[in-house]
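[1] predicted coordinates and the sequence they were generated for:
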Amino acid sequence: MTDNMLSITGLRTSFFTDQGEVEAVRGIDLDVERGTTTCIVGESGSGKSATARSIMQLVDVPGRVVGGSIQFQASPGGASVDMAALHPRSAAIREIRGRDIGMIFQEPMSALSPVHTVGDQIADVLRAHEGAKYKDPAVRSRIIKELEFVGIPRADERIDAYTFQLSGGMRQRVMIAMALISRPSLLIADEPTTALDVTTQAQILDLLRDLKDTLSMSMLFITHDLGVVAEIADNVVVMRHGEVVERGTVDQIFHAPQHPYTKQLLDALPQRQSGELHAEPREEISASSEPSASGDPILEVRDLTVEFHTRTGRRFGAKRKSTFRAVDNVGFSIDRGRTLGIVGESGCGKTTLGRTLLRAYTPQSGSILYRTDADDEVDLAQLNGRSLLPYRQSLRMVFQDPYGSLNPRMTVEQVLTEPLVAARIGTSAERREKAASLLTRVGLTPDALSRYPYAFSGGERQRISIARALMTDPRVVVADEAVSALDVSVRRQVLDLFAELQDEMDLTYVFISHDLSVVESISDDVAVMYYGKIVEYGAAEQVFNDPQHGYTRSLLSAIPVADPRQRGTRERVTYHPEEGEVTMLTTDNRVVQPLK
């Protein structure tokens, strides 16, 4: 007889809006066997996240569980609890949340408090379930060890940091530490590696796999990344439009799929597009594969340095002042109509660099030379305030966190048309028409204009963010993890959309991503960042086919292979800086020198 830790029967979850009832989960059945990992996959809006939140009774208003049962049995032979029958605010379900069932949320920026330190928020879990006090040195030490456990550097300092001081990947690791610190029996992971770079993703997957085996922990793992599914799943459930369309072992799903939708998801994989389900051999490259230097660049960065000044320590104790250099003497150029991909681990300075290009941050030194339509060269680094306004329409950004960057009090129409209203472009009808057109281009329907951001999944919100960035017909778009929240099929559509718009509008992209397969598919040139420096730069074919720097090789070796039969067969390259090298950026080639 199967020992199920979680048994879901006939689960129905709906959102009640002004337009009527929206059925997010439509009577699904799902089992999670004790000691195994079950992955739920599907497109954005398929009901994956709604299912996860329904288990914990954390469905956002105006949604709620309207039917079905969720039987949870924490230990073999223990009492079974119907989670669906418990009130969302009852003491009974609060005893289970965080202690018996841990959850890693999809968007750490919205799930974590911006006014409390990282350590205090993790301590809340211990305070609620163990009566621990944060001032206890043993509790603080335990939290630091947990932060180190999930790969956060300088954990003794980061414990006193606020979430807005951390990168997206660092915030996700904090969420993982919070979910694991009480060693729950069941871990629900809703896109836990979406915001992580490939090396950290590999470490987190290894960590979760080890914890599952060590603690006999079960996992319900929700992801749109089929490579991750192949790496970690025992069983797979495929969802579409709130229903389960196929279920089976990971080998059955990948090698003998039955449902057309499952086949569609698998066919969207880069490996499947070549006709084989294995890592694609890389083609030989030509010696001339170098960054393009033709014509005058639309954007040229010289010796750019960005620093942040921080104060760390206890709230009422002594404070230590320190300076953190997020971008360290960086330089590159981008020709008009080309795409520069920027890759690296969380905290390496990718997002800071992207925001500095648009002057959301002020650099300490260096120049950002932008060439206008009139062929004038303007140093954006020297401009401030109103002098920057004429360039806000020409340089736009798709932000990493779609929920945090979309005003929850504004409708989608207001969000999209706000840049045009601020610039006094067009009439109200013209602005609405353009917003509806762009929504269609990014895969949403015009009726979404009247809805609010909370009514959309993470992937759908990201598509809204992309549409907003394009509203002013920009010349340069900085895309910060623009497709990280999208499932594999929609990601392919959005990347194709980026390519089409680039051809139609002669757009120039700075594409920031931790997903190397995305960067490889869309970029002309690639810059690899490591602790604020560009350590390797070259044409995309050259960097991916013949990496020169040890750190680049470690990134490439950590890419998951979307085939469960090859799980654990790829050799993992670990980069050790003391043994590595730094590739110095020049105008036409790469020079590898020892690290100093």
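    Looks like it came in fine. What you see is a predicted model, and the numbers here were worked out from it, not measured in a lab.

[2] and the residue lying closest to residue 234 once chain neighbours are set aside, what is it in contact with?
    Nearest residue to residue 234, sequence neighbours excluded (CB to CB, 6 or more residues apart in numbering): residue 36, at 4.2 Å. For every residue, glycine as well, the C-beta is placed using N, CA and C. Residue 36 makes contacts with 218, 219, 234, 235, as judged by CB atoms under 8 Å, 6 or more residues apart in numbering.

[3] and what of residue 482?
    Going by CB under 8 Å, 6+ apart, residue 482 touches 398, 462, 465, 466, 494, 498, 511, 513.

[4] surely residue 69 forms part of a strand?
    Yes - under DSSP: H, G, I helix; E, B strand; the rest coil, residue 69 falls within a strand.

[5] buried ones in stretch 420-433?
    For stretch 420-433, burial by neighbour count (16 or more other CB atoms under 10 Å) applies to 420, 425, 431, 432.

[6] tell me which two of those sit farthest apart.
    Maximum pairwise distance among the buried residues of stretch 420-433 (CB to CB): 12.7 Å, between 425 and 432.

[7] now for these two: what residues contact both?
    Contacts common to residue 425 and residue 432, judged by CB under 8 Å, 6+ apart, are absent.

[8] which of the residues in stretch 242-261 are buried?
    If you call a residue buried by 16+ other CB under 10 Å, then stretch 242-261 has these buried ones: 242, 244, 245, 246, 247, 248, 250, 252, 253, 254, 257, 261.

[9] for it, give the mean pLDDT please.
    Mean pLDDT, stretch 242-261: 95.

[10] assign a three-state SS to residue 175, would you?
    At residue 175 the chain is in helix, as set by three-state DSSP.

[11] circling back to that earlier point, in CSV, list the contacts of residue 36 along with neighbour count, secondary structure and pLDDT.
    Formatted as CSV, these follow (neighbours: other CB atoms under 10 Å; DSSP: H, G, I helix; E, B strand; the rest coil; pLDDT from 0 to 100):
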residue, neighbour count, secondary structure, pLDDT
218, 24, strand, 92
219, 27, strand, 93
234, 19, coil, 94
235, 19, strand, 96
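
[12] just the residues you listed now: which is nearest residue 382?
    residue 219 (51.4 Å).

[13] wait, that closest one touches residue 185, no?
    No - using CB atoms under 8 Å, residue 219 is not in contact with residue 185; the gap is 10.4 Å.

[14] check contacts around residue 334.
    Neighbour list for residue 334: 297, 298, 299, 300, 340, 476, 508, 510, 525 [criterion: CB under 8 Å, 6+ apart].

[15] which of these tops the neighbour count?
    The member of the contacts of residue 334 surrounded by the most neighbours (other CB atoms under 10 Å) is residue 510, with 26 neighbours in all.

[16] not counting sequence-adjacent ones, nearest residue to that one?
    Nearest residue to residue 510, sequence neighbours excluded (CB to CB, 6+ apart): residue 478, at 4.5 Å.

[17] equivalent analysis for residue 310, please.
    That would be residue 322: by CB to CB, 6+ apart, it lies 5.5 Å from residue 310.

[18] next, the buried residues of whichever strand or helix holds that neighbour.
    Under the criterion of DSSP states H and E, residue 322 resides in strand 320-335. Using 16+ other CB under 10 Å as the test for burial, strand 320-335 gives 324, 325, 326, 327, 328, 330, 331, 332, 333, 334, 335.

[19] can you check stretch 376-384 too?
    378, 380, 381, 383.

[20] for those residues, work out which two are farthest apart.
    Longest span within the buried residues of stretch 376-384, CB to CB: 378 and 381, 9.8 Å.

[21] residue 128: helix or strand, and which one exactly?
    Going by DSSP H and E, residue 128 is part of helix 118-130.

[22] swap in residue 6?
    Following DSSP H and E, one finds residue 6 within strand 4-17.

[23] okay, now the unreliable bits of the chain?
    Applying pLDDT under 70 to the chain flags the ranges 1, 194-195, 270-295, 312-319, 485, 487, 578-596.

[24] residue 210: neighbour count?
    By other CB under 10 Å, 11 other residues sit near residue 210.

[25] returning to what we had before: can you report how many residues lie near the residue nearest to residue 510?
    28.

[26] distance of it relative to residue 371?
    Distance from residue 478 to residue 371, counting by CB to CB, to the nearest Å: 16 Å.

[27] do residue 43 as well
    Using CB to CB, one gets 39 Å for the distance from residue 43 to residue 371.

[28] please identify which of these two sits among more neighbours.
    Taking residue 43 and residue 371 together and counting by other CB under 10 Å, residue 43 has the greater number of neighbours (23 against 18).

[29] make sure that one is indeed in a strand.
    No - Residue 43 is assigned coil when assessed by three-state DSSP, not a strand.

[30] which residues touch residue 203?
    Counting by CB under 8 Å, 6+ apart, residue 203 makes contact with residue 151.

[31] actually residue 13, sorry about that
    Neighbouring residues of residue 13 by CB under 8 Å, 6+ apart: 23, 24, 25, 47, 50, 51, 54, 59, 63, 64, 65, 66.

[32] which of those residues fall within helices?
    Residues of the contacts of residue 13 located in helices (DSSP state H): 50, 51, 54.

[33] secondary structure class for residue 134?
    Assignment for residue 134 (three-state DSSP): coil.

[34] kindly report the same for residue 146.
    Counting by three-state DSSP, the backbone at residue 146 sits in helix.

[35] cool, and residue 509?
    strand.

[36] just residue 206 next, same as before
    Residue 206 falls in the helix class when you classify it by three-state DSSP.

[37] want to throw the contacts of residue 334 into TSV with distance to residue 230 and secondary structure?
    Formatted as TSV, the contacts of residue 334 follow (distance: CB to CB, whole Å; DSSP: H, G, I helix; E, B strand; the rest coil):
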residue	distance to residue 230	secondary structure
297	40	strand
298	40	strand
299	38	strand
300	41	strand
340	30	strand
476	36	strand
508	35	strand
510	31	strand
525	30	strand
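
[38] adding distance to residue 102, write these out as TSV.
    Shown next, in TSV, are those (distance: CB to CB, whole Å):
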residue	distance to residue 102
297	48
298	47
299	44
300	47
340	39
476	42
508	43
510	36
525	41
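
[39] hmm, back to that, let me know the closest of the contacts of residue 36 to residue 266.
    residue 235 (16.5 Å).

[40] how about the closest one: what's its closest non-neighbour residue?
    Nearest to residue 235 is residue 38, by CB to CB, 6+ apart, at 4.7 Å.
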